[in-house]
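Engineer: Below are the sequence and a predicted model for it; my questions follow.
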Amino acid sequence: MEVPKNEDEMIAQWNYLLATKGTLELFLPSLRHFAKTHGLSSQDISCLCEAVQKSRLFQNPVYGKSICSHNQYVCRIKPNNSGWTLIPVNASVKLLPGVPPNWEVFPELSNLAERHCLIDDRKPNLLLTSNSNNWQESEIVSILESLDIQLLCSHSKNINFLLNLLHHNRKLLGLSKIQDSLIKVLRELFKQVSIKELQEKNLIQLTKKLIKLIHPERRFKIKQIRSNEEPIQNVLNPLYQLNIRQSLLVYELFEPNDYASKADLGDEQVKSILNCLSKLLNVSDTKTVAKAIIEQILNQSKSLESDLNLLSNVPLFFGYNYRQDITEIYSFNDLKELKERSLLFKGNHQTQIAQAVKSALPECELIFIEAQISKILERTNAFQNIPQLNANSCLQLLANKPNLADSKKRENLLKELINHV
């Protein structure tokens, strides 16, 4: 300070020193004493602190800093006794969007409350803004990984609190470790809580908001399937058990419409998912759903031939065996072999020429695949132009010199071929 030049300057400097070095540092302890002496409620203290916070004295950078030079007066959150209290100016402060509705949902917050001053960010806390320490990446990760998923989904208030906490730290949400943890949380949520339960508790929209926090490049959408909820759940559950690392599989019901998934599954992810789905094709109540998801994944594959070669002997495709009148599951290699022998066809088997071939070539197992499967396979070099069963493909089959039935059983085939000349 400069030496005062007159009495007015001396008085001003004296008042300044008295305020900054003596009086103002006693303000917060006095406020706490006043509140305690008069038994003010938490709401009364909030109103009082709000008035102080808005005052010109507190908003003055110098005087505000002097008021909080040794202490801060905050609404501190603890598992057992949240309320207004004095904390040291150098205390480690972490902001929370209110009191957790259920501490058991967030066990790591209880641990953090022992090491830091968790304060209610909605209250008019009297503290130095510079002392509001930011949450660290590792702390957010530990909170996410400690969540009790069942309790989290027991009430919408719990999910709302988690969403608010994450939005308070939105600058951290793009970090890879937090993204990994969010994906783990959503996988666990979908494993432990059924689609039906999420619907009954009206948690669909909140679940969408959680999913929206995950980058679109790390989410792969599974389109909705026409089926009952139970078989869908029975297929999705084992998929969420898979450790496919980078990506979260999102059933379309939970897809944030304004922030669509954009993930491309890698070869190893596709291999792991399709291996899992292949086993579900043999189960009566899951085969339709598993088949639909297999087709979705293969349709979206950008390296289809490579993916199918990785799974060359894994049964993935339904085909109708016309001779035995049964539907069977075939691998990529199975179908390649059938095509090489001119036994693989797409489309309808209920035709006159098909009946005639079945009668004339009793040992030939004609395999018919659906149009959707043929479209997938025809994107590979091995399956270009899968034929329908017609005169031309029949002649190609006969060129392989299969064993023929007696002449009477061959008459219809001969008539069909003549009709198509």
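Structural biologist: Perfect, thanks for sending it.
Engineer: List the contacts of stretch 47-60.
Structural biologist: Stretch 47-60 is contacted by residues Leu31, Ala35, Leu40, Tyr63, Gly64, Ile67, Tyr73, Trp84, Lys123, Pro124, Asn125, Leu126 when judged by CB atoms under 8 Å, 6 or more residues apart in numbering. C-betas here are computed from N, CA, C, even on glycine.
Engineer: rerun at 7 Å
Structural biologist: Stretch 47-60 is touched from outside by Tyr63, Gly64, Ile67, Tyr73, Pro124, Leu126, with contacts defined as CB atoms under 7 Å, 6 or more residues apart in numbering.
Engineer: for this structure, what are the low-confidence residue spans?
Structural biologist: 1-22, 129-133, 403, 405, 408-417, 419-421 (pLDDT under 70).
Engineer: So which of the contacts of stretch 47-60 are in helices?
Structural biologist: By the criterion of DSSP state H, membership of the contacts of stretch 47-60 in helices covers Tyr63, Gly64, Ile67.
Engineer: ok so, going back, okay if I get the contacts of stretch 47-60 as TSV plus neighbour count and distance to Ser92?
Structural biologist: Formatted as TSV, the contacts of stretch 47-60 follow (neighbours: other CB atoms under 10 Å; distance: CB to CB, whole Å):
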residue	neighbour count	distance to Ser92
Tyr63	18	25
Gly64	21	21
Ile67	28	20
Tyr73	25	17
Pro124	18	21
Leu126	23	17
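Engineer: which parts of the helix or strand encompassing Lys184 are buried?
Structural biologist: Element membership for Lys184, per DSSP states H and E: helix 176-192. Within helix 176-192, the residues scored as buried using 16 or more other CB atoms under 10 Å are Ile178, Gln179, Asp180, Ser181, Leu182, Ile183, Val185, Leu186, Arg187, Glu188, Leu189, Phe190.
Engineer: what's the distance between the last one and Ile232?
Structural biologist: According to CB to CB, to the nearest Å, Phe190 stands 11 Å off from Ile232.
Engineer: and if you look at Glu114?
Structural biologist: Plainly put, Glu114 is 43 Å away from Ile232 if you go by CB to CB.
Engineer: If you count surrounding residues, which of these two has more?
Structural biologist: In this view Glu114 and Ile232 are compared by other CB atoms under 10 Å, and Ile232 has more residues nearby, 24 against 9.
Engineer: Contact partners for that one?
Structural biologist: For Ile232, the contacting residues are Ile195, Ile225, Val289, by CB under 7 Å, 6+ apart.
Engineer: Thank you kindly, that will do.
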